[in-house]
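Engineer: Just to be clear, the model below is a prediction. Sequence and coordinates:
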Amino acid sequence: MTLLCSSVLALLLLPLSLSCNSKRLPQEVRRDYELVKIDLRNSNQSVTTLLQNSPCPVLRYKLRRCASKNNTDFVSTLHILTCKMKHLKLSHTDRLTKSVLYSIRCPCLEKPTKGATARRRRRATGERQIQRLTKILCKAKAFLKHMTECYEMLNTQGSMAT
């Protein structure tokens, strides 16, 4: 019985242990903002240009936002948003994801690869491929918006502290 209990406990705590364990303080992340800001602006411009004249559908789920009440939330929220953006595999956001992950000193876990059945799917062509790319770009735009808000909150708190 104790083996079963310890196995269940290990399975419950496993996702927590796989999350970012960076002890980086928001003040330290704020110092790196000048470098990240350039990549953030460039990624935002690229995605916005690609989405020109394409409306974005409303996301079905709410993204995690930075809360100004809890300082430790900034680093974990930036980590989650950055890793989600990295998994979109857009070349327009690669440099940004690398700079943010370096700034917070926390890598993303790789998504598990799908089996051989996923390789047999037909490739989307024409309009379907454009719709898929638009959906990915819209997600990236939402991630960029929330990341920008996080960094702006961090800078606001930093200017208030000094």
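Structural biologist: On my side now, so go ahead.

Engineer: From here on, just use CA atoms for contacts and neighbour counts.
Structural biologist: Noted.

Engineer: Neighbours of Lys62, how many?
Structural biologist: 8 (other C-alpha atoms under 10 Å).

Engineer: meant to ask about Ile130
Structural biologist: Count around Ile130 with other C-alpha under 10 Å applied: 12.

Engineer: Okay, and it sits in which element?
Structural biologist: Ile130 belongs to helix 127-161 when assigned by DSSP states H and E.

Engineer: what helices or strands is that helix leaning on?
Structural biologist: helix 26-31, helix 33-50, helix 73-86 (3 or more C-alpha pairs under 8 Å, 6 or more residues apart in numbering; DSSP states H and E).

Engineer: weakest of those helices in terms of mean pLDDT?
Structural biologist: Sorting these by mean pLDDT places helix 26-31 lowest, at a mean of 81.

Engineer: Buried residues in that helix, which are they?
Structural biologist: Pro26, Val29, Arg30 (16 or more other C-alpha atoms under 10 Å).

Engineer: same thing with stretch 46-61?
Structural biologist: Buried residues in stretch 46-61, counted by 16+ other C-alpha under 10 Å: Ser46, Val47, Thr48, Leu51.

Engineer: Between those residues, which sits nearest Thr82?
Structural biologist: Thr82 lies nearest to Val47 out of the buried residues of stretch 46-61, by C-alpha to C-alpha, at 15.2 Å.

Engineer: I'd like to know how far the closest one sits from Arg65.
Structural biologist: 20 Å (C-alpha to C-alpha, to the nearest Å).

Engineer: Same check on Ser91?
Structural biologist: In terms of C-alpha to C-alpha, Ser91 sits 24 Å off from Arg65.

Engineer: Between the two, which is the more surrounded one?
Structural biologist: Arg65 (18 against 11).

Engineer: Go ahead and confirm that one touches Cys150.
Structural biologist: Yes. Counting by C-alpha atoms under 8 Å, Cys150 is a contact partner of Arg65 at 7.4 Å.

Engineer: now the buried residues of stretch 46-61 as a markdown table including distance to Arg132?
Structural biologist: Shown next, in a markdown table, are the buried residues of stretch 46-61 (distance: C-alpha to C-alpha, whole Å):
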| residue | distance to Arg132 |
| --- | --- |
| Ser46 | 17 |
| Val47 | 14 |
| Thr48 | 16 |
| Leu51 | 12 |
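
Engineer: for these, which one is nearest Ser76?
Structural biologist: The closest of these, once distances to Ser76 are taken by C-alpha to C-alpha, is Val47, at 23.9 Å.
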